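Asker: show me the folded form of this:
(2 chains)
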Amino acid sequence: DSGVTQTPKHLITATGQRVTLRCSPRSGDLSVYWYQQSLDQGLQFLIQYYNGEERAKGNILERFSAQQFPDLHSELNLSSLELGDSALYFCASSPRGTGSTDTQYFGPGTRLTVL
Amino acid sequence: DAKTTQPPSMDCAEGRAANLPCNHSTISGNEYVYWYRQIHSQGPQYIIHGLKNNETNEMASLIITEDRKSSTLILPHATLRDTAVYYCIVKQGFQKLVFGTGTRLLVSP
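Answerer: Purely as a prediction, here's the structure:
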């Protein structure tokens, strides 16, 4: 158990809909990362937040957005869902999000299925 | 783009040491070598990381060559539960993790 929690574990929805995935980082961790894992793309970085501020952006679609709240939990919002958005979504947290090295610890993921 | 090269698959007998190689010939001086593994569709699990010295923890040992262009992850006594995809990643500071295709390790009885 990494200490990172994600809800829900599974989500089934229809095309065009909007969903919210939630992540609670390990106690004391300031940085949250979101990754997407689909069958054809592997694990890909989406976005990083550090202490409430966006720090880095990866291959995140404009239909997707995220935020980190004052209590440091984070939410990933996916809208206008398409079949191709079906994937595993992982959240990771790290202590600092800065410095010479910072280890990321992953949650169990949310499996999103878009029908 | 992944900066590492790993064999796509490896086999290991249960109880034997599993030695997983990784090439990272373009690694820069301030980049660390990280190893993660993913068991089926679970979240990637952190194993170990190092800069230039060999490292050991309760899960594994990491051997980094003197020129830092390659490394080896050693699972000293592999069990069936070690069957997973192992990812070698080079990373600096708080950068994102860039996952390649990894090595699929199959531990057999």
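Asker: and chain A, which residues reach chain B?
Answerer: A:2, A:4, A:31, A:33, A:35, A:37, A:42-45, A:48, A:50, A:55-56, A:58, A:88, A:90, A:92, A:94, A:96-109, A:111 (CB under 8 Å from any CB of the partner chain). Where C-beta positions appear, they are placed from N, C-alpha and C, glycine not excepted.
Asker: redo that, cut-off 7 Å
Answerer: For chain A, the contact set with chain B under CB under 7 Å from any CB of the partner chain comprises A:2, A:31, A:33, A:42-43, A:45, A:48, A:56, A:58, A:88, A:90, A:94, A:96-109.
Asker: just the ones of these in strands?
Answerer: A:31, A:33, A:42-43, A:45, A:48, A:56, A:88, A:90, A:94, A:105-106 (DSSP state E).
Asker: quick check: the two most widely separated of those residues?
Answerer: Farthest pair in these (CB to CB) is A:Ser31 and A:Gly42. Separation: 22.1 Å.
Asker: where in chain A is pLDDT low?
Answerer: Along chain A, the parts satisfying pLDDT under 70 run over A:97-100.
Asker: tell me which residue lies nearest the centroid of it.
Answerer: Residue closest to the average C-alpha location in chain A (CA atoms, centre = their mean): A:Trp34, at 3.0 Å.
Asker: filter the residues of chain A next to chain B down to the buried ones.
Answerer: A:2, A:31, A:33, A:42-43, A:45, A:48, A:56, A:88, A:90, A:94, A:96-97, A:101-109 (16 or more other CB atoms under 10 Å in any protein chain shown).
Asker: got the phi/psi numbers for the nearest residue to A:Ala87 once chain neighbours are set aside?
Answerer: Closest residue to A:Ala87 apart from its sequence neighbours, by CB to CB, 6 or more residues apart in numbering or on different chains: A:Ser38 at 4.0 Å. For A:Ser38, the backbone dihedrals (degrees, to the nearest 10) come out as phi -110, psi 170.
Asker: beta partners for A:Ser38?
Answerer: For A:Ser38, the beta-bridge assignment (DSSP bridges) gives partners A:Gly42.
Asker: gap between it and B:Cys12?
Answerer: According to CB to CB, to the nearest Å, A:Ser38 stands 29 Å off from B:Cys12.
Asker: alpha carbons of stretch A:9-27, in PDB - could you do that?
Answerer: The C-alpha trace of stretch A:9-27 is given here as PDB (Å, rounded to 0.1, in the frame of the first residue of the first chain):
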ATOM      1  CA  LYS A   9     -11.900   2.200  -8.700                       C
ATOM      2  CA  HIS A  10     -14.100   1.600 -11.700                       C
ATOM      3  CA  LEU A  11     -16.200   4.000 -13.700                       C
ATOM      4  CA  ILE A  12     -18.400   3.200 -16.600                       C
ATOM      5  CA  THR A  13     -20.000   6.000 -18.600                       C
ATOM      6  CA  ALA A  14     -21.300   6.900 -22.000                       C
ATOM      7  CA  THR A  15     -19.700   9.000 -24.700                       C
ATOM      8  CA  GLY A  16     -20.200  12.800 -24.300                       C
ATOM      9  CA  GLN A  17     -20.500  12.500 -20.500                       C
ATOM     10  CA  ARG A  18     -18.300  14.200 -17.900                       C
ATOM     11  CA  VAL A  19     -16.500  12.400 -15.000                       C
ATOM     12  CA  THR A  20     -14.400  13.400 -12.000                       C
ATOM     13  CA  LEU A  21     -11.600  11.200 -10.700                       C
ATOM     14  CA  ARG A  22     -10.200  11.900  -7.200                       C
ATOM     15  CA  CYS A  23      -6.800  11.400  -5.700                       C
ATOM     16  CA  SER A  24      -5.600  11.800  -2.100                       C
ATOM     17  CA  PRO A  25      -1.800  11.900  -1.800                       C
ATOM     18  CA  ARG A  26       0.300  10.400   0.900                       C
ATOM     19  CA  SER A  27       0.200  12.300   4.100                       C
END
